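> Give me the fold of what follows.
(4 chains)
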2 protein chains.
Amino acid sequence: MTEPSRSQDIRIVAVALFYERGYHGTSMREIAARLNMRAPSLYNHLDSKQQLLQEIMTNDVELITREVSDAIATSQDVITRFRRGFEAHVRHHTRFARESRICMTELAALEEPAQSEVREARRRYAEIWRALIVQAVEQGRASTANPHLAANAIIDLGIGIARWYRADGPLTEATLAGTYSDFALNLIGTQKGN
Amino acid sequence: MTEPSRSQDIRIVAVALFYERGYHGTSMREIAARLNMRAPSLYNHLDSKQQLLQEIMTNDVELITREVSDAIATSQDVITRFRRGFEAHVRHHTRFARESRICMTELAALEEPAQSEVREARRRYAEIWRALIVQAVEQGRASTANPHLAANAIIDLGIGIARWYRADGPLTEATLAGTYSDFALNLIGTQKGN
DNA sequence: CCTACCGATCGGTAGG
DNA sequence: CCTACCGATCGGTAGG
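Numbers count the residues shown, from 1 in each chain, chains lettered A, B, ... in the order given. Sure, this is the predicted structure:
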């Protein structure tokens, strides 16, 4: 049975094309062509183009939430939690740069009710960062005046990476995660080495 | 003569719609409808849909480059230059949040050679930030280990603002610029109060 | 998995 | 500024 791998192939090609040309700039015929198929054959593996977009976006936001939650859970120390969480955040945006950018860029192309669900999932993700920074400030380990804005800044640093990071470039994921963690720790007003 | 204001109206509506639905998700008929016109009438004021996108993107990247260059030129002190430049950077992304987001999001929809020109203009803009951070480090006023990555981070902090800032929200532009300047100064390893 | 094809919509032109 | 209309392309279905 080639069924599950075929569906997977379609999703991979869809990610590549939505990333390169955007959702509305990509046709089902183009997706099919990259798989040496005709467009109608795709519909043996999926319901609609919308469903494809929805799966990509939902998967991505759920994945990063899980990755960061898991990373944060590995320590009791708030600064260690912050650093490990942020490294997971950065790594996600390097490893899934295309998915992340689609999530950021194509939200308007996602129809309701899926759009609201993704927005809500993102809001919950941001809440993790807000809570963590508030906790760090309360414990006197960080000094930012505005944890809410700091959380936005932290998230945007990661999102930005998906804009310019190239896996085939000279910059390794580990170097990037390390350097950016220093940025993030500085930003919220901790001292390096914590 | 209603000519120049009409062209301006069209550009304003195009910005609003490209922002809301994306370039490929917006039809010329929709742009016309918001102006109580029919689509063919638009072509008395413009050559093509592409031209509309190109003007929006070129204008925006040239404007932010001018704004930040001017802000930087008002001081000799490298940290003051950095802070004033960054405040201009932040203010641009609040005042022109829609244009900025279109620039970020719709680059793939811009055809060549315009796309390469915008990419090049953006590269020059990033170069301003790299040079400024390198200078700050050389003068011992900042301590970041990687000015190139720091410049990316600084730019991404601004871009991120365009993602979530709402002019009708409780957060004023001045508060945001002030708080974010602290973030940026911390990030590159200066001490507050410089 | 394919061919054949549907109605809808696209950017843009002709002509006034 | 409009109506009328062009060829191209879209997502998706029928039927095998």
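> Excluding covalently adjacent residues, which one is nearest to the residue nearest the centre of chain A?
For chain A, A:Ser100 is the residue whose C-alpha lies nearest the centre (Cα atoms, centre = their mean; 4.0 Å). Of all residues not flanking A:Ser100 in the chain, A:Ala162 sits nearest, at 4.1 Å (Cβ to Cβ, 6 or more residues apart in numbering or on different chains). For glycine as for every other residue, the C-beta is placed from the backbone atoms N, C-alpha and C.
> Show me which positions of the helix or strand harbouring that neighbour end up buried.
Under the criterion of DSSP states H and E, A:Ala162 resides in helix A:147-164. Neighbour counts using 16 or more other Cβ atoms under 10 Å in any protein chain shown place A:147, A:149-163 of helix A:147-164 among the buried residues.
> Next up, phi/psi of the residue nearest to A:Arg81 when sequence neighbours are not counted, please.
The spatial neighbour of A:Arg81 that comes closest, neighbours along the chain excluded (Cβ to Cβ, 6+ apart), is A:Ile72 at 4.7 Å. Here is the backbone geometry of A:Ile72 (degrees, to the nearest 10): phi -70, psi -30.
> Looking at A:Ile72 now. What's its pLDDT?
At A:Ile72, the model reports a pLDDT of 98.
> and if you look at A:Pro4?
Note for A:Pro4: predicted pLDDT of 71.
> For it, give its distance to A:Arg11.
11 Å (Cβ to Cβ, to the nearest Å).
> These two: which has the busier surroundings?
Neighbour tally, A:Pro4 and A:Arg11, criterion other Cβ atoms under 10 Å in any protein chain shown: the higher count belongs to A:Arg11, 17 against 9.
> need the contact list for that one.
Counting by Cβ atoms under 8 Å, 6 or more residues apart in numbering or on different chains, A:Arg11 makes contact with A:Leu52, A:Glu55, A:Ile56.
> With only the CA atoms kept, save the lowest-mean-pLDDT helix or strand in chain A in PDB.
In chain A, the helix or strand scored least confidently by mean pLDDT, DSSP states H and E is helix A:3-21, which has a mean of 93. Provided in PDB are the C-alpha atoms of helix A:3-21 (Å, rounded to 0.1, in the frame of the first residue of the first chain):
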ATOM      1  CA  GLU A   3      -1.400   5.400   0.600                       C
ATOM      2  CA  PRO A   4       0.200   6.900   3.700                       C
ATOM      3  CA  SER A   5       3.500   7.800   2.000                       C
ATOM      4  CA  ARG A   6       1.700   9.300  -0.900                       C
ATOM      5  CA  SER A   7      -0.300  11.600   1.400                       C
ATOM      6  CA  GLN A   8       3.000  12.500   3.100                       C
ATOM      7  CA  ASP A   9       4.600  13.300  -0.300                       C
ATOM      8  CA  ILE A  10       1.700  15.600  -1.200                       C
ATOM      9  CA  ARG A  11       2.000  17.400   2.200                       C
ATOM     10  CA  ILE A  12       5.800  17.900   1.700                       C
ATOM     11  CA  VAL A  13       5.400  19.300  -1.800                       C
ATOM     12  CA  ALA A  14       2.600  21.500  -0.600                       C
ATOM     13  CA  VAL A  15       4.800  22.900   2.100                       C
ATOM     14  CA  ALA A  16       7.500  23.600  -0.400                       C
ATOM     15  CA  LEU A  17       5.200  25.400  -2.800                       C
ATOM     16  CA  PHE A  18       3.100  27.300  -0.300                       C
ATOM     17  CA  TYR A  19       6.500  28.500   1.100                       C
ATOM     18  CA  GLU A  20       7.800  29.500  -2.300                       C
ATOM     19  CA  ARG A  21       4.700  31.000  -3.900                       C
END
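> so that helix versus helix A:147-164, what angle?
Between helix A:3-21 and helix A:147-164, the angle comes out at 100 degrees (axes from the mean of the first three to the mean of the last three Cα atoms, to 10 degrees).
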